[in-house]
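Chemist: Need the 3D shape of this:
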Amino acid sequence: MWDDIGFKFQGEGSKPYWLRRSLASDSFEIYVERRNEEIVDLEVLAGSLNDHRRRILAILE
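Modeler: So this is what the prediction gives:
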């Protein structure tokens with residue numbers, strides 16, 4: 001089991017953004033493609049997260 005989930009954005013070096021202590025104060029939809037019921041296409045997910053980068057960071061800060 002994971003204790004936390006983090007991600008990095010292109011162009012920000014190795015700075016990770018961790019979700020464990022984040023409390024979402026907004027919501028939005030992101031596009032993902034599923035390989036099957038349990039697995040999403042990571043490149044599509046990364047692209048969707050990058051497209052919503054500013055909004056995600058505003059929620060996490």
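
Chemist: any idea how far Asp41 is from Gly47?
Modeler: In this structure, Gly47 and Asp41 are separated by 9 Å, where distance is defined by CB to CB, to the nearest Å. Where C-beta positions appear, they are placed from N, C-alpha and C, glycine not excepted.

Chemist: Tell me the bridge partners for Val40.
Modeler: Judged by DSSP bridges, the bridge partners of Val40 are Arg34.

Chemist: which residues does it contact?
Modeler: Each residue near Val40 by CB atoms under 8 Å, 6 or more residues apart in numbering is listed here: 32-34.

Chemist: quick one, strands of the protein?
Modeler: With DSSP state E as the definition, the chain shows strands at residue ranges 6-7, 17-18.

Chemist: residue at max distance from the center of the protein?
Modeler: Largest separation from the mean C-alpha position in the chain: Asn36, at 19.5 Å (CA atoms, centre = their mean).

Chemist: The residue most central in space within the chain and Phe7, how far apart?
Modeler: The centre of the chain sits closest to Leu49, judged by CA atoms, centre = their mean, with a distance of 5.0 Å. Leu49 sits 6 Å away from Phe7, going by CB to CB.

Chemist: swap in Ile56?
Modeler: 9 Å.

Chemist: So the residue nearest to the centre of the chain versus Glu29, what's the distance?
Modeler: Using CB to CB, one gets 12 Å for the distance from Leu49 to Glu29.

Chemist: right, and Pro16 touches Lys8 too?
Modeler: Yes: the pair formed by Pro16 and Lys8 meets the contact definition of CB atoms under 8 Å, at 5.4 Å.

Chemist: any low-confidence regions in the chain?
Modeler: The chain contains residues with pLDDT under 70 at 1-2, 21-26, 60-61.

Chemist: at 90 what do you get?
Modeler: 1-30, 37-38, 46, 49-50, 52-61 (pLDDT under 90).

Chemist: list residues touching both of Leu49 and Phe7?
Modeler: Shared contacts of Leu49 and Phe7 (CB under 8 Å, 6+ apart): none.
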